[in-house]
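Participant: take this sequence and fold it.
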Amino acid sequence: MSYFHRQVQLWGEETQLSLQDKKIAIIGAGGLGSSLAFALGSSGIGEIHIIDFDEVSTHNIHRQIAFKIGDEGKNKAAINALLVEKRCPFVKAVAHECRFQEWCEKDIYVDLIIDATDNLPTRAEIDDYCKNKNLPWVYGSVEAFHGQVCFIKESSFRDAFKITSKTPAGITAPIVMHIASFQANIALRYLAGLSVKKELLYYLFFNAEGELVTQKFTLPKA
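Facilitator: Below is the predicted model of the structure:
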């Protein structure tokens, strides 16, 4: 309780202890995934599964906070899992050095899945998997100076988004951390038993005057 003192001040020992029984999966261990693992890995969640087949490249490092020069060629999930357990020994972090489809075949129970991928087809597969397992998931995406976040339980991702193989254009490092932080806060509220607005897509962007604008859209139900 000394480690989690400030959170205990927020919601008490009982809620903090309840997090120890929770299990989550972070799909992707790059930009969003690194920041998510960093934030949620020190929040007291009992078990965190981190899934990524990819290895660190030099161009990843400026926006993927788990990595440093010298990590090139190492698996992203493995580095994140090690970092989580070093920062918080009360959390079990499990690295899965594979693609999402391979992780699905392991049939591991989790309470929540958090999207940290970088493409729409994989997100559609996450939605399919969660619908089949009756699981909620937190969608997140970033591009340039803007991003999107949504807690999805009943809505259809495939109906809300045109599933293409389009990859993001340029990305600034701070927006990655900003969107991951938003995702992490929503996930933590849900796991702690606090209210979370579901099926509401938050779209955050900087307008031409440099003002941060947040728009909200209700996703269609499946």
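Participant: C-alpha from now on. contacts and neighbour counts both.
Facilitator: Fine.
Participant: number of nearby residues for residue 55?
Facilitator: Neighbour count of residue 55, defined by other Cα atoms under 10 Å: 18.
Participant: across the sheet, point out what pairs with it.
Facilitator: residue 75 (DSSP bridges).
Participant: let's have the chain start at 18 instead
Facilitator: Shifting the count to begin at 18 puts that one at residue 72.
Participant: pretty sure it sits against residue 89.
Facilitator: Yes. Using Cα atoms under 8 Å, residue 72 makes contact with residue 89 at a distance of 7.0 Å.
Participant: got any ranges where this structure has weak pLDDT?
Facilitator: The chain contains residues with pLDDT under 70 at 185.
Participant: and the strands in it?
Facilitator: Counting by DSSP state E, the chain has strands at residues 40-44, 64-68, 109-113, 129-132, 154-160, 163-169, 217-223, 229-235.
Participant: for those strands, could you give me TSV that also reports mean neighbour count and distance to residue 95?
Facilitator: Listed next are the strands of the chain as TSV, based on neighbours: other Cα atoms under 10 Å; distance: least, Cα to Cα, whole Å:
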stretch	mean neighbour count	distance to residue 95
strand 40-44	24	13
strand 64-68	25	8
strand 109-113	21	5
strand 129-132	24	17
strand 154-160	23	22
strand 163-169	22	25
strand 217-223	18	31
strand 229-235	12	34
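Participant: make a markdown table out of those and add distance to residue 55.
Facilitator: Listed next are those as a markdown table, based on distance: least, Cα to Cα, whole Å:
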| stretch | distance to residue 55 |
| --- | --- |
| strand 40-44 | 11 |
| strand 64-68 | 11 |
| strand 109-113 | 11 |
| strand 129-132 | 13 |
| strand 154-160 | 16 |
| strand 163-169 | 18 |
| strand 217-223 | 22 |
| strand 229-235 | 24 |
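Participant: residue 102 is nearest to which of those strands?
Facilitator: With distances scored as Cα to Cα, the stretch of those nearest to residue 102 is strand 109-113 (6.3 Å).
Participant: all helices for this protein, in order.
Facilitator: Taking DSSP state H as the test, the helices found in the chain are 22-36, 48-57, 93-104, 117-122, 137-150, 174-177, 190-208.
Participant: winner for burial among these?
Facilitator: Among the helices of the chain, helix 48-57 has the highest mean neighbour count (mean count of other Cα atoms under 10 Å), at a mean of 26.
Participant: which other helices and strands does that helix contact?
Facilitator: The contact analysis (3 or more Cα pairs under 8 Å, 6 or more residues apart in numbering; DSSP states H and E) places helix 48-57 against strand 40-44, helix 93-104, helix 190-208.
Participant: could I have stretch 45-60 exported to CSV, CA atoms only?
Facilitator: Provided in CSV are the C-alpha atoms of stretch 45-60 (Å, rounded to 0.1, in the frame of the first residue of the first chain):
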residue,chain,number,x,y,z
GLY,A,45,1.0,-3.9,-29.6
ALA,A,46,4.1,-2.8,-27.7
GLY,A,47,5.3,0.1,-29.8
GLY,A,48,4.3,3.8,-29.4
LEU,A,49,0.9,3.4,-27.7
GLY,A,50,1.8,0.1,-26.2
SER,A,51,5.0,1.4,-24.5
SER,A,52,3.1,4.3,-22.9
LEU,A,53,0.2,2.1,-21.9
ALA,A,54,2.6,-0.5,-20.3
PHE,A,55,4.4,2.3,-18.5
ALA,A,56,1.2,3.8,-17.1
LEU,A,57,-0.8,0.7,-16.3
GLY,A,58,2.2,-1.4,-15.3
SER,A,59,2.6,0.7,-12.2
SER,A,60,-1.1,1.0,-11.3
